[in-house]
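Participant: compute the structure for the input listed below.
(chains A and B)
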Amino acid sequence: MVVSDQDDLALAVHRQEHGAFDRLVERFECALFRYVQRLLQNDHDAQEVVQDAFVRAHRALTAQYGNEKVRTLQLRPWLFRIARNLSYNRRRGKGLKLEQPLDTAREDQFQPHTRPVLITRELEEREEKAQLDRAIALLPTESRDLILLRFVEEMSYAEISRTTGFNEASLRGKVFRSLKLLRDALGVKGVSHAV
Amino acid sequence: MRCNSVLIRLDEFRTGELEVDEQKTIKEHLGSCSSCDESLEEIETLSEATRQYCQDTSAPLGLASRCEIAKADRIETELGPIWVAFGSGGIRMVAVGSRSFETFSDSHLERFGRPLERGAIPESLRQSVDESISRGTVDFAVDHSELPSFDQAVLQALLRIPRGEVRSYAWVAKEVGKPRAVRAVGNACARNPTPIVVPCHRVVPSSGGVGNYALGSELKRTILEHEGVDLSELDDLARRRLRYVGSKRDLEYCFPTCAGARTIEPQDRIYFRDDEDALGRGFRPCNSCTPLAYTA
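Facilitator: Residues are numbered from 1 along each chain as shown, chains lettered A, B, ... in the order given. The predicted model follows:
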């Protein structure tokens, strides 16, 4: 990740340079979508949230923020923070505690195969992925959120802190507990060591 | 350092995010504490698996174009100034009249959830729009990806109606494979975000008259006359409940505005009430205006 490049992008959008916003969308749409989709466990809501997040980002960068504010802005955590807030709002709006896990197993779509070795490996991978999807889906929202930011988006603690507003010290314990929950949900035989 | 303090720092240790001396202390601890070392391995396995399985989620098709902030520019045409909003997928919205950019942007915001940005229209696109109005060519892309699929099908069908001709709502309904959805076609036309360039004005009621238009029936009449449609002839035929004209020489029947129909000699002309009437007398539907529509 090239930080200065991202900051340039924010400035370019601020200056309304041609194609700058399209580049910003292109750069972040995949990451934002997979984050929100797993956070909300809903494809449709995720699309709307991501779209809304980009619109808000555009408005903020072009019409609301001054030059200085854009210059000091850290684009990635800022965008994730917008998407995260919109996601939590939507969740509150719908009064949902937890959505049903996404149906990721799709066993019925499995086509018989003529290569038995491959079948086993494919099945294993599919099963492993399904297990992980389920485990993540069943985590409490906050833990799921942190697991996604830390291990899928590979954010630093500093970035996660900017995204979520948790301070770095408390983040440490929160991420540790989330990892523990994920491990338990996966039924991994963990080391029963401390905590 | 005690195991508890080590454990909650392992994840940062893994990525080298800790201060230099903390990294060092933990490294030493791991050398002497096998269970903390195993915990690190576990965190590495979990993080690797999560990354690998979750990162392959790709954004759904079209998300990029739905997040795009389209540009808007005003161009002068034979019908006066029009606003055109365009993105990478083509023309997204059109508005007639001398409204302000803000009004146009607001209507886009209301319709599609995001505003527009001012931008110069590429010369080639400006020319295509201009020619579509002056000559009826369809040499531009329209981006209707955010509309319901039924609306998309209806608008595509409209693009197949040549300049100077009109079709009925019933024909469009047949054309999109939903012959009973005549009202729905009318509603889809009324919702057309790209009037003029996608010619919803070329659809009229089977019962005669020019029918409704989102921008006012008067304008619809003006545009159709501008395109060379003989509205008084259409009104006259509608009053006599005649929908098609045929040629006794070719034994083909057409919509009265079909380019082919307009060349039929007066002595060869014959009029029909409906398809059954024409087919019953041994006439074939014209290949160019396709009274029965493609899907029939």
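
Participant: hey, let's count contacts and neighbours off CA atoms from now on
Facilitator: OK.

Participant: where do the helices sit along the chain?
Facilitator: You didn't pick a chain, so chain A it is. In chain A, the helices defined using DSSP state H lie at A:3-14, A:20-40, A:43-59, A:67-71, A:75-94, A:116-138, A:141-147, A:157-164, A:168-186.

Participant: wait, chain B
Facilitator: Secondary structure of chain B (DSSP H): helices at B:3-7, B:10-15, B:20-32, B:34-54, B:63-67, B:101-112, B:123-134, B:149-158, B:169-175, B:182-190, B:217-226, B:231-239, B:275-280.

Participant: deepest of the ones you listed, which one?
Facilitator: helix B:169-175 (a mean of 23; mean count of other CA atoms under 10 Å in any protein chain shown).

Participant: who does that helix touch, helix- and strand-wise?
Facilitator: Under the contact criterion of 3 or more CA pairs under 8 Å, 6 or more residues apart in numbering or on different chains; DSSP states H and E, helix B:169-175 touches helix B:149-158, helix B:182-190.

Participant: reformat those as JSON lines; add distance to chain A and mean pLDDT.
Facilitator: Below are the helices and strands packed on helix B:169-175 laid out as JSON lines (distance: least, CA to the nearest CA, whole Å; pLDDT from 0 to 100):
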{"stretch": "helix B:149-158", "distance to chain A": "17", "mean pLDDT": "95"}
{"stretch": "helix B:182-190", "distance to chain A": "23", "mean pLDDT": "95"}
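
Participant: my guess is B:Phe140 contacts B:Gly90. True?
Facilitator: Yes - here B:Phe140 reaches B:Gly90: they are 7.2 Å apart, a contact under CA atoms under 8 Å.

Participant: can you list the low-confidence ranges for chain B?
Facilitator: Within chain B, the set of residues satisfying pLDDT under 70 comprises B:61-62, B:64-65, B:294-296.

Participant: name the nearest residue to A:Tyr157, ignoring sequence neighbours.
Facilitator: Counting by CA to CA, 6 or more residues apart in numbering or on different chains, A:Glu168 is the residue found nearest to A:Tyr157 once chain neighbours are left out, at 6.3 Å.

Participant: got it, and B:Glu131?
Facilitator: Leaving out its chain neighbours, the residue that sits closest to B:Glu131 by CA to CA, 6+ apart is B:Thr137, at 6.2 Å.

Participant: now do the domain split for chain B, please.
Facilitator: For chain B, automatic domain parsing gives the domain ranges B:3-59, B:65-135, B:147-241, B:242-296.

Participant: looking at the ones you listed, which is nearest to A:Arg59?
Facilitator: Proximity to A:Arg59 (CA to CA) singles out domain B:65-135 among these, at 8.7 Å.

Participant: so which bits of chain B are right by chain A?
Facilitator: Applying CA under 8 Å from any CA of the partner chain, one finds that chain B approaches chain A through B:3-4, B:8-9, B:11-12, B:17, B:35-36, B:38-39, B:42-43, B:46-48, B:50-55, B:57-59, B:63-64, B:66-69, B:113-115.

Participant: apply 6 Å and report the result again.
Facilitator: B:Ile8, B:Ser47, B:Arg51, B:Thr57, B:Ser58, B:Ala59, B:Cys67 (CA under 6 Å from any CA of the partner chain).

Participant: quick check: the residue nearest the centre of chain B vs chain A, distance?
Facilitator: Closest to where the C-alpha atoms of chain B average out (CA atoms, centre = their mean) is B:His144, at 2.0 Å. Distance of B:His144 to chain A, computed by CA to the nearest CA, to the nearest Å: 17 Å.

Participant: now the domains of chain B as JSON lines including distance to A:Tyr35?
Facilitator: JSON lines is the format used below for these (distance: least, CA to CA, whole Å):
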{"stretch": "domain B:3-59", "distance to A:Tyr35": "9"}
{"stretch": "domain B:65-135", "distance to A:Tyr35": "16"}
{"stretch": "domain B:147-241", "distance to A:Tyr35": "26"}
{"stretch": "domain B:242-296", "distance to A:Tyr35": "44"}
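
Participant: A:Arg91 is nearest to which of those domains?
Facilitator: Of these, nearest to A:Arg91 by CA to CA is domain B:65-135, at 19.7 Å.

Participant: so, low pLDDT: which residues of chain A?
Facilitator: A:1-7, A:94-123, A:188-195.

Participant: near chain B, which residues of it are found?
Facilitator: A:Cys30, A:Phe33, A:Arg34, A:Gln51, A:Phe151, A:Val152, A:Phe176.

Participant: just send those back as a markdown table, with neighbour count too.
Facilitator: Converted to a markdown table, these look like this (neighbours: other CA atoms under 10 Å in any protein chain shown):
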| residue | neighbour count |
| --- | --- |
| A:Cys30 | 19 |
| A:Phe33 | 24 |
| A:Arg34 | 26 |
| A:Gln51 | 25 |
| A:Phe151 | 21 |
| A:Val152 | 22 |
| A:Phe176 | 21 |
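
Participant: so A:Ser178 sits against A:Ser143, correct?
Facilitator: Yes - the pair A:Ser178 and A:Ser143 qualifies as a contact (CA atoms under 6 Å) at a distance of 4.7 Å.

Participant: just give the closest residue to the closest residue to chain A within the stretch 101-250 of chain B, not the sequence neighbours.
Facilitator: Relative to chain A, the nearest point of the stretch 101-250 of chain B is B:Arg114 (6.0 Å; CA to the nearest CA). Counting by CA to CA, 6+ apart, B:Arg114 lies nearest to A:Val55, which is 6.0 Å off, once chain neighbours are set aside.

Participant: ok, that neighbour - how many residues close by?
Facilitator: Counted by other CA atoms under 10 Å in any protein chain shown, the residues lying close to A:Val55 total 18.

Participant: relative to B:Ser232, how far out is it?
Facilitator: 49 Å (CA to CA, to the nearest Å).

Participant: surely B:Val142 is in contact with B:Gly90?
Facilitator: Yes - between B:Val142 and B:Gly90 there is a contact under CA under 6 Å: 4.5 Å.

Participant: so which of these two has more stuff around it?
Facilitator: Counted by other CA under 10 Å, B:Val142 and B:Gly90 do not tie: B:Val142 has more neighbours, with 20 against 15.

Participant: tell me which residues touch the more buried one, please.
Facilitator: By CA atoms under 6 Å, 6 or more residues apart in numbering or on different chains, the contact set of B:Val142 is B:Gly90, B:Ile91.

Participant: count the neighbours of B:Lys165 for me.
Facilitator: Slight slip there: residue B:165 is Glu, not Lys. Residues lying near B:Glu165 (other CA under 10 Å) number 19.

Participant: ugh, wrong one, I meant A:Lys129
Facilitator: 19.

Participant: relative to B:Ser145, how far out is it?
Facilitator: 32 Å.
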